[in-house]
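S.K.: sequence? don't have it. structure:
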């Protein structure tokens, strides 16, 4: 099993130029015929941030969170990276059936290129985030050096989910419709526009007490990942070592399982698409 996995990874590295070309293609297609082009990577999260700020600080009358635009953007950007990658990966195999049926290449390149294209957008979107940190005098500390590590952990988790969804959609074409609903619910169950502390620490269900905050961190890896981003970018403090270690292990497990699931069924893609 291990030797086969290493062989797959070596072959994937051999096709790195194809990965680069597909990422470039995805980015060009995304912004083709748009007026602002790549600037949408900067403008779109700012517009969403403005909507959330108006809704929750003006209309809902909740002004208890200082520098709310910065608070929301720290979480919104990584969430957009994850959700965009998840939904994009769903159709990455089926949408490229013309390539699969004509030439051979490692099939995992397709969801991989989708995730990497969304990673490029995420990196571009960090520009207005850092500008906002300067504007609101956010905590710019040495802990920001940990940001690439957190991004690598999220990339691992996102790739695992992407491999699983891309493969699943080949055999069950309603995966995209289901994921629309799942991601909608997942968004509200993740502390993007509210702090985790808003959730009750003690909730009675069927006579048993549950710490909802702790449960959320355990069952929702994106909650842990976003909390880590906020620690670095909004609060200016390091994440707890044990907390971040568990998140890292979870992300790596999801990556390995998702990749193994993908390569297990990749040989049947040509017949199904």
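M.R.: Arrived safely. Remember, it's a predicted structure, so these values are computed and weren't measured experimentally.
S.K.: so where's the chain shaky on pLDDT?
M.R.: 1-5, 31-38, 40-41, 58-63, 202-203, 205-210, 273 (pLDDT under 70).
S.K.: what ranges do the helices span in it?
M.R.: Per DSSP state H, the chain has helices spanning 2-14, 16-30, 40-53, 68-90, 97-100, 109-135, 147-171, 175-188, 212-219, 221-230, 241-265, 269-272. These are given in chain order.
S.K.: Among those, which comes closest to residue 198?
M.R.: Nearest to residue 198 among the helices of the chain is helix 212-219; the distance by Cβ to Cβ comes to 9.1 Å. No exception for glycine: its C-beta is placed from N, CA and C like everyone else's.
S.K.: for that closest one, the distance to its chain's centre please.
M.R.: Average the C-alpha atoms of helix 212-219, do the same for its chain, and the two points are 19 Å apart (Cα atoms, centre = their mean, to the nearest Å).
S.K.: Not counting its neighbours along the chain, what's nearest residue 226?
M.R.: Spatial nearest neighbour of residue 226, chain neighbours left out: residue 75 (4.6 Å); criterion: Cβ to Cβ, 6 or more residues apart in numbering.
S.K.: got it, and residue 8?
M.R.: If you skip the residues right next to it in sequence, residue 8 has residue 263 as its closest partner in space, 5.8 Å away by Cβ to Cβ, 6+ apart.
S.K.: do you know how far that neighbour is from residue 152?
M.R.: Counting by Cβ to Cβ, to the nearest Å, the gap from residue 263 to residue 152 is 22 Å.
S.K.: With residue 21 instead?
M.R.: According to Cβ to Cβ, residue 21 and residue 152 sit 23 Å apart.
S.K.: Just list the residues touching the residue nearest the centre of the chain, thanks.
M.R.: In the chain, the centroid-proximal residue (Cα atoms, centre = their mean) is residue 82; its distance is 1.7 Å. For residue 82, the contacting residues are 154, 157-158, 161, 222, by Cβ atoms under 8 Å, 6 or more residues apart in numbering.
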